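*Asks:* need a 3D model of the following:
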Amino acid sequence: MYAIKTENLTKKYDESIVVNQLSLNIIKGEIFGLLGPNGAGKTTTIKILATLLKPTSGSAEVWGYNVLKEQDVVRKSIGIVFQSPSLDFELTGRENLDFHSRIYNLDRSVRKNRIEEVLELVELSDKADTLVKHYSGGMQRRLEIARGLMHYPKVLYLDEPTLGLDAQTRRRVWEYIKKLNVSEQITVVLTTHYMDEAEQLCDRVAIIDHGEIIALDSPENLKTTIARDIISLQVVDRKKLLEVLKSSDFAAEIIFNELVEESVYLGVENGEK
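*Replies:* Here you go, the predicted structure:
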């Protein structure tokens, strides 16, 4: 049995196909990445697997449970960290975790011990009784991950887990994700549009575009297949850069980061030169 299995999973809005016949087998215990630009269908796929959206057609199972026919059991089997913050900023870290665990009907003794466990896991024990509104962005993200673990889920969904964080904090969050994958023996499914994040974290990556899988393999094998190095640039004027690149054969591929206007990725041969 796989942690997640989908067959021809499809989601349409009117005539727009957001997820297009997606077939996946995600192995228990792995960190699996959905990599692609904004609008590729990554978040929609996660929402279907979390029972928040109904597919138009196809099927999906999480830990052997059908996402349409066994929604309650699926929800007990998963944890989720959304793109947008969903913490109560007027509560402390401990109170946020306590409230979440009550929703899942954990009894008092289990709840108390589990709160201490997950706080220690994400290194927030010393900030447990501080109001969340006084947490940094990285601390809030770590608390959200801790909250997603409160009810002992089998699968944890992380939707753009480091979006908006600085480089140093991003790497710290990566460390926590790797750590919980091992210590909690949990399957992690994350969405990202950061190529370096997928490479650092994932055992396997599915590259998605326009709702379709265009490649699926380990990060190392995908890099070998693509046979290009990626150079990340911060530029003041994209138009001027494009004019320069048009007059040369330096870049075989140009990728724009739509969230950061000055960020450009170049696919090149022999990037070290």
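
*Asks:* any idea how far Tyr157 is from Leu165?
*Replies:* Separation of Tyr157 from Leu165 (C-beta to C-beta, to the nearest Å) stands at 18 Å. Yep, even glycine has a C-beta here, placed from its N, CA and C like the rest.

*Asks:* tell me which stretches of the stretch 151-273 of the chain form strands.
*Replies:* 155-159, 187-192, 204-209, 212-217, 229-234, 253-256, 263-268 (DSSP state E, counting those that start in this stretch).

*Asks:* follow-up on the earlier one: higher neighbour count, Tyr157 and Leu165?
*Replies:* More crowded of Tyr157 and Leu165, by other C-beta atoms under 10 Å: Tyr157, with 26 against 17.

*Asks:* what's near enough to touch the more buried one?
*Replies:* Ile46, Leu49, Ala50, Ile78, Gly79, Ile80, Val81, Gly148, Val189, Leu190 (C-beta atoms under 8 Å, 6 or more residues apart in numbering).

*Asks:* so what's the predicted local confidence for the closest residue to Lys178 other than its chain neighbours?
*Replies:* Distances taken as C-beta to C-beta, 6 or more residues apart in numbering put Leu201 closest to Lys178, at 6.8 Å, once the chain neighbours are dropped. Note for Leu201: predicted pLDDT of 95.

*Asks:* pretty sure Leu201 is touching Leu190, no?
*Replies:* Yes - counting by C-beta atoms under 8 Å, Leu201 does reach Leu190; the two are 6.8 Å apart.

*Asks:* and the gap between the spatially most central residue of the chain and Ala206?
*Replies:* With distances taken as C-alpha atoms, centre = their mean, the chain has Leu190 as the residue nearest its mean C-alpha position (2.4 Å). With distances taken as C-beta to C-beta, Leu190 is found 11 Å from Ala206.

*Asks:* mind listing the shared neighbours of these two?
*Replies:* Contacts common to Leu190 and Ala206, judged by C-beta under 8 Å, 6+ apart, are Phe32, Gly33, Leu34.

*Asks:* what bridges to the first one?
*Replies:* Which is Phe32. Under the criterion DSSP bridges, Phe32 forms beta bridges with Val189, Arg204.

*Asks:* need the contact list for it.
*Replies:* Ile4, Ile26, Thr187, Val188, Val189, Leu190, Cys202, Asp203, Arg204, Val205, Ala206.

*Asks:* mind doing that once more with 10 Å?
*Replies:* Phe32 makes contact with 3-4, 24-26, 155, 187-190, 198, 201-206, 216, according to C-beta atoms under 10 Å, 6 or more residues apart in numbering.
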